[in-house]
Each structure stands twice: as structure tokens, then as C-alpha cells.
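Chemist: fold the following for me, if possible:
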Amino acid sequence: MLNSRKTIGIAVVVIVVAAFAVVYLFFSMGEKGGTQQVWWIASDPHLGNLFDNVDSLRVAIEDVNNLGIADHAAILGDLVNNLGGYADNFIQLMGNLKVEKWYYVLGNHDFDRGTRENVFPVFYDGIDVLGIRFVFISTEAGYSGTSYVYSGVMGEKQFDWLWTELYSHKNQPIFMFSHQPPSSWNKWSDLGSLIQSENVDVKVWFYGHDHEWEINENVQPYNFMEICDNSLDWANNYAGVFLFLQREGDTVNVTIKFRNHLDHEWISVPTVDGRMIENMSFSVKVA
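Modeler: Predicted coordinates:
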């Protein structure tokens, strides 16, 4: 009888614990896969540049996989180096990345030097992440005739979409992702005016392109942060950024950390005003 009672007691405890776990899981999971997400953000692997370089992206992906913390990833342009033949290498390498989904935007080197055509489809889109709007934009030209284009080129179709996207989500915190920095886009005067005049709530603008750390914590007069990572290029930079998001009620706590993928180390980076920082932390209100 005693053994039966013990058995029943153990069974009840197991059921209660299992029920609690299910309830906890239910309430901790949101529409977008939970209350926490980690994004890996990197840029400028320039596959094919200098001795058929593919090593930097491979090393970075191995480090990200070994960490095992990233849910999603965004690669911010110059995926190849004006060589369409390396598009397959990029896709194959990214196929090894252990994340749920990854995104890319086009940079000014993602155009084949022979055909002048873009190597990958022009990608621009907006997605909801724990109540924050992530907005991705791509440059649409690497060449103008025989001349090389350095700045970000946005066509009218993408521009009209972006205008509508920002305006319709202006009361939602927005994180921007592009290859070139904001002021380097051909449409920046109009977009900057929209952000300022309509109080579009851009919180952070992530970009690549410049191959150096550029951390500006308060871009005036727009009141957003700019973060340029030091690239995955051919110069042993192997740099990446991790974006940690944790939602608690109507607040998302954000932490941004910086990584040397070659040395497998979290690092401090310089800001534009000369300070060294290990991370950036802030909170945003969401609906």
C-alpha cells in the first residue's frame, strides 16, 4: 500500500511539474517565437577578393555556431567582390549557419564586373521582432555606365515602399539595416526629412561598408544610434555584432555586443567620440 501511495505521489508531482512547464512555455512564447531573440549581424565578407577569399565568412560562421546563441542573422552587403561566380560560395557557406533564418542586403560590390548585373535579387522588407520593426534596404547599383558607384542607390519602387513602410510604422520602434550609412544614400535628404518631420521612431541604424568601427550613440538631429561593424573582410578583421533582445511586457531590453570571430573573444570597440565600450544597453517601449 505504501509503495502504491509513493507511486501515486510521484506521478502527481510529475504531472504538476509537467503542467507548470507547459503553462510557463505557453506564456513565455510570443507570436514571433518567444520573448527573447539573438541576432548575429555582420557585413562585407567580399568573397572572391584577394586570393579567392572565402575564409573570413567561414571562420565567422564556425564561431557563431560554436557559441550556439544566435536565432537569426543579417549580413549587410558586399557579400561578394564584383564576382558573380562567388554567389554559390556565399549561399553554401551561409547554409552552414545554424540559425532559424538569415537575411541579406545588397552592397555596392554585389554586382558582377562583367555583366554589371546584381549577383543576388534586390532585397528590401520589414518584419516584426518582439514588437520592434526591422527594416532592410538594399543598394540597387554597383556601376553607372563604366563608373563605379560608392554610395547607396535606391530606385523609385524601393523608395516608395520605404517611405510607406516608415510612415506606417512611425509609432513603432524601428531598427534599420543597410550596407551604406544613412547619409550616403541618394534618397537621404527625403528620408531624413521624413524621420525628423514625422517623428519616425528609428532607434538604431546598422550598416557596413566602411570597414571600421563607427559607433555613434546619438545622431543629431534624428536621435538614433549608428552602428557600423568592422567587417568580415580580407584584412583579418573577422568582426561581428550580436544583438540581444528580451521582451518583458511592453518593454524590450536591448544589448549590443561586439565580437572578434577569429580570436573567439568579446571585444571593446571605439565610439566616434573616442571612448571604448564593451556593449550598449537600452530599452524600448513596444505595443
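
Chemist: export the helix or strand where Ala87 lies as PDB, just CAs?
Modeler: Here Ala87 is covered by helix 87-94, with elements defined by DSSP states H and E. Extracted C-alpha coordinates of helix 87-94, given in PDB (Å, rounded to 0.1, in the frame of the first residue of the first chain):
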ATOM      1  CA  ALA A  87      27.400  33.800 -55.300                       C
ATOM      2  CA  ASP A  88      27.200  30.000 -54.900                       C
ATOM      3  CA  ASN A  89      30.100  30.100 -52.400                       C
ATOM      4  CA  PHE A  90      28.100  32.600 -50.300                       C
ATOM      5  CA  ILE A  91      25.000  30.500 -50.300                       C
ATOM      6  CA  GLN A  92      26.800  27.300 -49.500                       C
ATOM      7  CA  LEU A  93      28.700  29.000 -46.600                       C
ATOM      8  CA  MET A  94      25.500  30.500 -45.200                       C
END
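
Chemist: against which helices or strands is the following helix or strand past that helix packed?
Modeler: Following the chain from helix 87-94 toward its C-terminal end, the next helix or strand by DSSP H and E is strand 101-105. Counting contacts by 3 or more Cβ pairs under 8 Å, 6 or more residues apart in numbering; DSSP states H and E, strand 101-105 is packed against strand 72-76. For every residue, glycine as well, the C-beta is placed using N, CA and C.

Chemist: what about the helices in the stretch 151-287 of the chain?
Modeler: With DSSP state H, counting those that start in this stretch, the ranges of helices along the stretch 151-287 of the chain come out as 156-168, 188-197.

Chemist: export these to a markdown table and tack on mean pLDDT and distance to Pro221?
Modeler: Shown next, in a markdown table, are the helices of the stretch 151-287 of the chain (pLDDT from 0 to 100; distance: least, Cβ to Cβ, whole Å):
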| stretch | mean pLDDT | distance to Pro221 |
| --- | --- | --- |
| helix 156-168 | 98 | 16 |
| helix 188-197 | 97 | 6 |
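
Chemist: can I get those in a markdown table with mean neighbour count and distance to Asp63?
Modeler: Below are these laid out as a markdown table (neighbours: other Cβ atoms under 10 Å; distance: least, Cβ to Cβ, whole Å):
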| stretch | mean neighbour count | distance to Asp63 |
| --- | --- | --- |
| helix 156-168 | 15 | 33 |
| helix 188-197 | 15 | 34 |
